[in-house]
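*Asks:* Here is a sequence with its predicted model. Questions after.
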Amino acid sequence: MIGLTTKTETEKMPLESPENVVSVEDVSFSYGDVPVLEDVSIDVESGAFLGIVGPNGSGKSTLVEVMLGLQKPDEGSVCLFGERAANFDDGERVAYVAQDATDTSRGMPVTVREVVRMGRYPRRLFRRFTDEDRCSVEDAIEKTGVTDLASRRVGKLSGGQRQRVFIARALAAEAELLALDEPTVGVDAESREEFYELLRDLNDEGMTIVLIEHDIGVVTEYADEIACINRELYFDGDPSEFVETDALAEAYGENQHILTHNH
Amino acid sequence: MVPQIETAAGVLGELASATVPYVSDVFERFLDGVYGAGMDSLSELIGVDMLGYPYMQRAYLAAVLIAVIGPFIGTFLVHREMSMISDTLAHTAFAGVAVGLFVNTTFSLSVSPILTALVAAVITALLVEVLIEHAGEYTDSSLAMVLTGGFAVGSILITANDGGISVGIDAYLFGNLSTVSKESVGILAAMTVVVGTLVAVAYRPLLYVTFDATAARASGISVRWYKRLMVVLTAVVVVGAMQIMGVILVAGMVVIPVSAASLVASSFRRSMFLAVVGGEIASVVGVSLAYVYGVAAGGSIVVAAIAVYASVFVLRSGAEKKSKIYSVFRTEERKEVEGVSADGGER
């Protein structure tokens, strides 16, 4: 694991501000008696597109929650933009699209524009919106291609359209880190591809992206760094290397997992 | 530290004792001079006697205020899928009323039952919320337990005193138009101002928390405190509405207009507005029917609210059907036109 970490470091251009957006060090986490994460260390550099893969119940979501300070690790430390994640209070720098976020909104009367405006709320929780706020809301709507849907109810959109709205919210927030938890479950293939192209564009413009994805094909195509996890970190590095190693088989094969525990 | 708190409390107390009589004086003048006079002339103008009676004027005002704050807080509750919290808090507020009446008869005090109801409801609201923070989710069974528990305590206290305090308990159970005093309308008006202001000020965080609590938390909003604010405001609304609606029916005013509004509104802001409109229709119609037929106001208001919901539902599906029929009609028309030309234009 240590070897892999140094490899990723050398791969990145040393000039490209190597500041870490997130750094997770020796983190362990458990729900009650059930260990979910064990001794996980991973850094997310500024501008990275990190794909997190792993079998169901492997702790992917928990890892992201720990990264964002939504869960406190039992052991180890987590830094978000150089601050302790649990005390992080610069909310507008972080945007999160949780796995169930898109389902809960189904019955609620709330328009696309209203959701995108929420992106500005961390900055303007009580004060009036300025022209700048309104501009950035409209820009975000335009950029994600939901202009025609702006006054429609979010619950009545298709899965793909709804995901774009959530991205628009992150854009309006001018977030530097965008974390998404399996965003394209139940989204048709074509919209999925468009959605990932959008993420790639945002990443090219400098947004750091952490993506949990069950489709390994997608991750190897779009992400520039892959973390493979099943309670422990099995791989962290370049996608092209990932397909060559047997980290995937190790992480996914439960029996193998026990056998090759400490090789 | 302690003396400081004492002085602060002293100052606050003086401030309160100085302002409360003044505010209530102003309110009373408004109630008699402005609102009462206005309703009197309205009564003469349209020839409806009941609008001219002071107690009915108070009942209307109370119902109108309830129809503002009920849907106001209800819009958040319904979309967090926790409508039943209002019912639960209403039943524990009933326990609070019983405690107030019990204490008054046992120790010959004169504590307002509304005050004890408010204390009981706010405490349970916070208790339920904190329990849920630890347990993770709203569960049906825990709410049912608190609901029945509250009502059980109430019924024990009422019967323990050998029926001595059961006088007037009906008014709290089913609501009553004729017992709405100037004081209680005043309290309700104050509650409306407080709830209205807080909801307006905290609209954005409350909306974000309702829509996507996880994202709200990730972006640094203290979700926990806004959830607590939400349940405490619910407790206030429930106690305010209790006198007219009755504890058993309070939830109706919090939930039904909101459900009706979300059938047709696309934006959250609009759904809030429409819920208040629907609530107002239901309360004015409900109070009027209650007077005309001499029935319980809470019941007639809730039935009127359901009628509003039903008509919105029918109108909406009617409109959808119409647009569907219209589109079918248009395609058939087009086919016909095509058919005619295929015939070589004989006709």
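*Replies:* Perfect, thanks for sending it. Numbering: from 1, shown residues only, chains lettered A, B, ... in the order given.
*Asks:* Just the pLDDT for the closest residue to chain A within the stretch 51-200 of chain B.
*Replies:* When C-beta to the nearest C-beta is the measure, the stretch 51-200 of chain B has its nearest residue to chain A at B:His79, with 4.4 Å between them. Using the backbone N, CA and C atoms, a C-beta is placed for each residue, glycine as well. Model confidence at B:His79, expressed as pLDDT, equals 92.
*Asks:* ok, it touching A:Val154?
*Replies:* No. At 11.9 Å, B:His79 and A:Val154 do not qualify as touching, with contact defined as C-beta atoms under 8 Å.
*Asks:* so how far is A:Arg164 from the residue of the stretch 51-200 of chain B closest to chain A?
*Replies:* Using C-beta to C-beta, to the nearest Å, we find B:His79 at a distance of 22 Å from A:Arg164.
*Asks:* quick one on the thing from earlier: ok, the residue of the stretch 51-200 of chain B closest to chain A - contacts?
*Replies:* By C-beta atoms under 8 Å, 6 or more residues apart in numbering or on different chains, the contact set of B:His79 is A:107-109, B:210-211, B:262.
*Asks:* how about the residues of the stretch 1-150 of chain A near chain B?
*Replies:* Within the stretch 1-150 of chain A, the positions lying close to chain B (C-beta under 8 Å from any C-beta of the partner chain) are A:68-70, A:88-92, A:94-98, A:100-101, A:104-105, A:107-111, A:113-115, A:118, A:121-122, A:124-126.
*Asks:* Can you say which of the residues you listed are buried?
*Replies:* When burial is judged by neighbour count using 16 or more other C-beta atoms under 10 Å in any protein chain shown, the buried members of the residues of the stretch 1-150 of chain A next to chain B are A:68-70, A:88, A:91-92, A:94-98, A:101, A:104-105, A:108-111, A:113-115, A:118, A:121-122, A:125.
*Asks:* which stretches of chain B form helices?
*Replies:* Using DSSP state H, the helices assigned to chain B run over residues B:2-29, B:37-46, B:54-79, B:84-107, B:113-135, B:140-160, B:169-174, B:182-201, B:203-211, B:213-218, B:223-245, B:250-264, B:268-293, B:297-342.
*Asks:* right, and these - which one's nearest A:Glu83?
*Replies:* Proximity to A:Glu83, assessed across the helices of chain B by C-beta to C-beta, is greatest for helix B:213-218 (14.2 Å).
*Asks:* For the stretch 151-263 of chain A, which segments are assigned as strands?
*Replies:* For the stretch 151-263 of chain A, the strands defined by DSSP state E, counting those that start in this stretch occupy A:177-181, A:208-212, A:225-230, A:232-237.
*Asks:* Distance to chain B, mean neighbour count and mean pLDDT added to those strands, as a markdown table?
*Replies:* What follows is the strands of the stretch 151-263 of chain A, written out as a markdown table (distance: least, C-beta to the nearest C-beta, whole Å; neighbours: other C-beta atoms under 10 Å in any protein chain shown; pLDDT from 0 to 100):
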| stretch | distance to chain B | mean neighbour count | mean pLDDT |
| --- | --- | --- | --- |
| strand A:177-181 | 8 | 24 | 93 |
| strand A:208-212 | 12 | 24 | 94 |
| strand A:225-230 | 19 | 24 | 90 |
| strand A:232-237 | 22 | 22 | 86 |
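*Asks:* could you dump these to TSV with distance to B:Leu31?
*Replies:* Below are those laid out as TSV (distance: least, C-beta to C-beta, whole Å):
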stretch	distance to B:Leu31
strand A:177-181	55
strand A:208-212	59
strand A:225-230	66
strand A:232-237	69
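*Asks:* Those: which one's closest to B:Trp225?
*Replies:* B:Trp225 lies closest, by C-beta to C-beta, to one member of the strands of the stretch 151-263 of chain A: strand A:177-181, at 23.4 Å.
*Asks:* From the contact counts, what lies against the closest one?
*Replies:* helix A:60-67, strand A:94-97, helix A:189-204, strand A:208-212 (3 or more C-beta pairs under 8 Å, 6 or more residues apart in numbering or on different chains; DSSP states H and E).
*Asks:* give the contact list for B:Val223.
*Replies:* Shown in contact with B:Val223 (C-beta under 8 Å, 6+ apart): B:209, B:213, B:216-217.
*Asks:* Check the residues you listed one by one and keep those near chain A.
*Replies:* Of the entries in the contacts of B:Val223, the ones placed beside chain A under the rule of C-beta under 8 Å from any C-beta are B:216-217.
*Asks:* How about residues contacting stretch A:19-39?
*Replies:* Residues from elsewhere that reach stretch A:19-39 (C-beta under 8 Å, 6+ apart): A:40-46, A:48, A:59, A:62-63, A:66-67, A:71, A:73-82, A:85, A:176-177, A:208, A:210, A:229, A:231-232.
*Asks:* Let me see the contact set for the residue in chain B positioned nearest to chain A.
*Replies:* Residue of chain B nearest chain A, by C-beta to the nearest C-beta: B:Gly220 (2.2 Å). Contacts of B:Gly220 were listed using C-beta under 8 Å, 6+ apart, and they are A:88-92, A:94, A:122.
*Asks:* gap between the residue lying closest to it once chain neighbours are set aside and A:Val137?
*Replies:* Using C-beta to C-beta, 6 or more residues apart in numbering or on different chains and skipping residues adjacent in sequence, the residue nearest B:Gly220 is A:Gly91, 2.2 Å away. A:Gly91 sits at a distance of 17 Å from A:Val137 (criterion: C-beta to C-beta).
*Asks:* need the contact list for the residue of the stretch 1-150 of chain A found nearest chain B.
*Replies:* Nearest to chain B, among the residues of the stretch 1-150 of chain A, is A:Gly91, at 2.2 Å (C-beta to the nearest C-beta). A:Gly91 makes contact with A:122, B:218-221, according to C-beta under 8 Å, 6+ apart.
*Asks:* does A:Pro35 sit in a helix, a strand or a coil?
*Replies:* When the structure is reduced to helix, strand and coil (DSSP: H, G, I helix; E, B strand; the rest coil), A:Pro35 reads as strand.
*Asks:* beta partners for it?
*Replies:* A:Pro35 has these beta-bridge partners by DSSP bridges: A:Ser30.
*Asks:* residues contacting the closest residue to B:Gly286 other than its chain neighbours?
*Replies:* In this structure, B:Gly286 finds its nearest non-sequential neighbour in B:Ile301, 3.1 Å apart by C-beta to C-beta, 6+ apart. With contact set as C-beta under 8 Å, 6+ apart, B:Ile301 has these partners: B:63, B:244-245, B:249, B:252-253, B:282-283, B:286-287, B:290.
*Asks:* hmm, 10 Å instead?
*Replies:* When the contact criterion is C-beta atoms under 10 Å, 6 or more residues apart in numbering or on different chains, the partners of B:Ile301 are B:63, B:66-67, B:70, B:175, B:241, B:244-246, B:249, B:252-253, B:256, B:279, B:282-287, B:289-290.
*Asks:* pLDDT below threshold where in the stretch 101-250 of chain A?
*Replies:* Applying pLDDT under 70 to the stretch 101-250 of chain A flags residues A:101-106.
*Asks:* And the helices of chain B: which comes nearest A:Ala251?
*Replies:* Closest approach to A:Ala251 among those (C-beta to C-beta): helix B:213-218, 25.8 Å.
*Asks:* Output the closest one in CSV, but only the C-alpha positions, please.
*Replies:* Once non-C-alpha atoms are left out, helix B:213-218 reads as follows in CSV (Å, rounded to 0.1, in the frame of the first residue of the first chain):
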residue,chain,number,x,y,z
ALA,B,213,-30.7,16.9,4.9
THR,B,214,-27.4,15.2,4.1
ALA,B,215,-26.3,17.7,1.5
ALA,B,216,-27.3,20.5,3.9
ARG,B,217,-25.1,19.0,6.5
ALA,B,218,-22.2,18.5,4.1
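*Asks:* State the pair within the contacts of B:His79 that is farthest apart.
*Replies:* B:Phe211 and B:Ser262 (13.1 Å).
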